[in-house]
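sequence? don't have it. structure:
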C-alpha cells in the first residue's frame, strides 16, 4: 500500500484545531486550494528569512522573494514546503494559536533557521518555547548523509555540541545527523524534549517512499509537507 502522507499523532491532531502532514513521493505534486483553504508556497533559497502572515491571505500566487520559514496565526492558511533530502520542520503553538513551517538544509540548519523561527514566533505572536510542539520530518539520515570540511567548519563554528551530531568517516568527512541537530537547537531554545517529535526515516534509503537528490543525482520530484490552523 502506497503511503501518501505521514503524520505525528502525538504532535498535533484535529482536536487541537490544526492539520499537518509530511509528504511522500506519492503525494500529488500540486495542492489545489478550496474556498476555505489558501495554500501558501514560497521560493526556497536555503536562507534564514522568515515570512510572517499575520493578516488574512488573499493571494494564491507564490510570495515574491526567498523564504525558508513561514508562520501564521490565520486559520485556513496551509503553509507548505518542498524537500528532497532537506528537513521539513513543522511547529505548532496551541496556546497562542500559531503554526510555522521550515525548510532546513545544512546551510539553514547551521545558520540556525529553527532558533530564528522560534524567536520570531515569540517576538511577533508571544509564543513561549515551553508551549510549542515541534515535528521534524523525513530527510537524508546519518546513515547516508556524508559532508565534507566546508560544512563541518561552519557546523563547528555555530554549534558547540557539534560532536554529538556527526560520526567521523575520514580526516575531513563525517556523517551528519541533521534531524538531531535541529532537535538539539529546538531544545536549546527551551522546547521540552517530549514536545519535539521526529520521524527517523531516511529519504535516501527509501526510494519507494521518497524522492532524493543525493541518491538520484538529479531532482526527479519533491515531497510536500504542510501545516494549517483549521479554526
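Received the coordinates, thanks. Keep in mind the model is a prediction, meaning the values are calculated, not measured.

only C-alpha atoms for contact and neighbour calcs from this point on.
Fine.

which sections of the chain are below the confidence cut-off?
Within the chain, the stretches with pLDDT under 70 are 1-2, 14, 28-35, 59-62.

and the longest helix for it?
Using DSSP state H, we find that the single longest helix of the chain is helix 113-125.

mind listing residues that contact that helix?
Helix 113-125 is contacted from outside by 47-50, 69, 71, 96, 98, 100, 102, 104, 127-129, 182, 185-186, 189, using C-alpha atoms under 8 Å, 6 or more residues apart in numbering.

so which strand or helix has the residue lying closest to residue 213 once chain neighbours are set aside?
Take residue 213 and drop its neighbours on the chain: the residue closest to it by C-alpha to C-alpha, 6 or more residues apart in numbering is residue 219, 5.4 Å away. Assigned by DSSP states H and E, residue 219 belongs to neither a helix nor a strand.

how far does stretch 193-205 stretch from start to finish?
27 Å (C-alpha to C-alpha, to the nearest Å).

what about the contacts of helix 113-125, which are in helices?
Filtering the contacts of helix 113-125 for helices - DSSP H - leaves 182, 185-186.

what would those look like in TSV with neighbour count?
Conversion of these to TSV gives the following (neighbours: other C-alpha atoms under 10 Å):
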residue	neighbour count
182	26
185	20
186	24
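
which member of those residues is positioned nearest residue 210?
Lowest distance from residue 210 to the ones in helices among the contacts of helix 113-125 (C-alpha to C-alpha) belongs to residue 182, with 20.5 Å.

tell me the contacts of the closest one?
109, 114.

over to residue 93?
So residue 93 contacts 99, 127, 131-133 (C-alpha under 8 Å, 6+ apart).

out of those, which sit inside strands?
99, 133 (DSSP state E).

among the contacts of residue 93, which two are most distant?
99 and 131 (12.2 Å).

tell me how far the residue located most distally from the centre of the chain lies from residue 197.
Computed with C-alpha atoms, centre = their mean, the maximum C-alpha offset from the centroid of the chain is found at residue 171, amounting to 30.4 Å. The gap separating residue 171 from residue 197 is 33 Å, by C-alpha to C-alpha.

repeat for residue 107
Relative to residue 197, and taking C-alpha to C-alpha, residue 107 is found at 22 Å.

got it, and residue 224?
19 Å.

ok, these two, which is more surrounded?
More neighbours surround residue 224 than the other of residue 224 and residue 197, with 24 against 19 (other C-alpha atoms under 10 Å).

so what's the gap between the helix or strand hosting the more buried one and the chain middle?
Using DSSP H and E, residue 224 sits in strand 223-229. Once both centres are worked out by C-alpha atoms, centre = their mean, to the nearest Å, strand 223-229 turns out to sit 9 Å from its chain's centre.
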